[in-house]
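A.B. asks: Sequence and predicted structure below; questions after.
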2 protein chains.
Amino acid sequence: MSAEAHFSTVSIIALGVADLARARRFYEALGFAAGPGSSENIVFFQVGPLVLSLFPRTLLAEDAEVPDDGHGFDGVTLAHNYSSEAAVDAAMAHALACGATLKKKPQKVFWGGYSGYFADPDGHLWEVAYNPFVKVDDHGIVTL
Amino acid sequence: MSAEAHFSTVSIIALGVADLARARRFYEALGFAAGPGSSENIVFFQVGPLVLSLFPRTLLAEDAEVPDDGHGFDGVTLAHNYSSEAAVDAAMAHALACGATLKKKPQKVFWGGYSGYFADPDGHLWEVAYNPFVKVDDHGIVTL
């Protein structure tokens, strides 16, 4: 178990949204500035040392491999990012040892990274991820 | 409209939980350290410049004045903290002007602060709050 497996921050808050363009307009109007990597498919806001992202709700549910039937899916996920696939595996093992429920075994995913999901005791979803396209420091802090 | 009314960060992520002691054990096992102000009724984790809190789900729903019936309540709220009641009012006015839906008009609340809630276009709940018991800087960054 590496020290990095421990959770001490939140790297990303992902909000599942029905209409990405609408949600982006809303958050930009509020005062958030869309950052690098934002597109027609996903939007990222750098908020201090963490990232708030907007992602189509159906795709967020698919990404976490949970049904989006109004039950058991918040439409919100929290993420902790790591600097390697091995660190993701260690983090997932650690979470499961803590009593988390495995929702998606860490695996290579379509966007080029490596990610898994677990649920906390209340069903809140956490993603543990390695994203080769972002910089992440030893504290899980992501820079877009 | 003060510049402070604009949103450029997330101050607090609140997770609604069924059993606070169970949730605290889980998050402490993961690696989070409960911070000042944590009690049998609420738990706070300082995570870099933001705060992750655990709060009984029924009370979180009550606090936001939304039904906790499995529909329309994520069990997750995001908060932006401000340094005065007037700043909260300005922030809410700004959010409503952006198309947010008012869920709870900013008001004095039982815990000694002043707070309101709005929903984003997807129903995700944001609290705008003044908490006289925490330090908040001009960027909405809270220190426990």
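C.D. replies: Looks like it came in fine. Numbering: from 1, shown residues only, chains lettered A, B, ... in the order given.
A.B. asks: How about the secondary structure of the residue positioned nearest the centre of chain A?
C.D. replies: Residue closest to the mean C-alpha point of chain A, counted by CA atoms, centre = their mean, is A:A79 at 3.6 Å. For A:A79, the secondary structure call by DSSP: H, G, I helix; E, B strand; the rest coil comes out as strand.
A.B. asks: what's the pLDDT at it?
C.D. replies: At A:A79 the predicted local distance difference test score is 83.
A.B. asks: and what of A:A90?
C.D. replies: If you check A:A90, the pLDDT there is 91.
A.B. asks: Can you tell me how far it is from B:L125?
C.D. replies: Note on A:A90: its distance to B:L125, by CB to CB, to the nearest Å, is 34 Å. (C-beta placed from N, C-alpha, C; glycine too.)
A.B. asks: Looking at these two, which has the bigger crowd around it?
C.D. replies: In this view A:A90 and B:L125 are compared by other CB atoms under 10 Å in any protein chain shown, and B:L125 has more residues nearby, 27 against 20.
A.B. asks: List the contacts of that one.
C.D. replies: By CB atoms under 8 Å, 6 or more residues apart in numbering or on different chains, the residues touching B:L125 are B:64, B:66, B:73-74, B:76-78, B:103, B:117-119.
A.B. asks: tell me which helix or strand of chain A sits lowest on mean pLDDT?
C.D. replies: strand A:142-143 (a mean of 70; mean pLDDT, DSSP states H and E).
A.B. asks: of the contacts of B:L125, buried ones?
C.D. replies: Neighbour counting by 16 or more other CB atoms under 10 Å in any protein chain shown classes B:64, B:66, B:73-74, B:76-78, B:103, B:117-119 among the contacts of B:L125 as buried.
A.B. asks: Tabulate the residues you listed in TSV, adding columns for distance to B:V10 and secondary structure.
C.D. replies: As requested, these are arranged in TSV below (distance: CB to CB, whole Å; DSSP: H, G, I helix; E, B strand; the rest coil):
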residue	distance to B:V10	secondary structure
B:A64	16	helix
B:V66	19	coil
B:F73	19	coil
B:D74	14	coil
B:V76	11	strand
B:T77	10	strand
B:L78	5	strand
B:K103	18	strand
B:Y117	15	strand
B:F118	14	strand
B:A119	16	strand
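A.B. asks: The closest residue to A:S83 other than its chain neighbours: how many residues sit nearby?
C.D. replies: For A:S83, the nearest residue in space outside its immediate sequence neighbours is A:V136; the separation is 5.4 Å by CB to CB, 6 or more residues apart in numbering or on different chains. For A:V136, the number of neighbouring residues by other CB under 10 Å comes to 20.
A.B. asks: now do A:A95
C.D. replies: For A:A95, the count of nearby residues is 27 (other CB under 10 Å).
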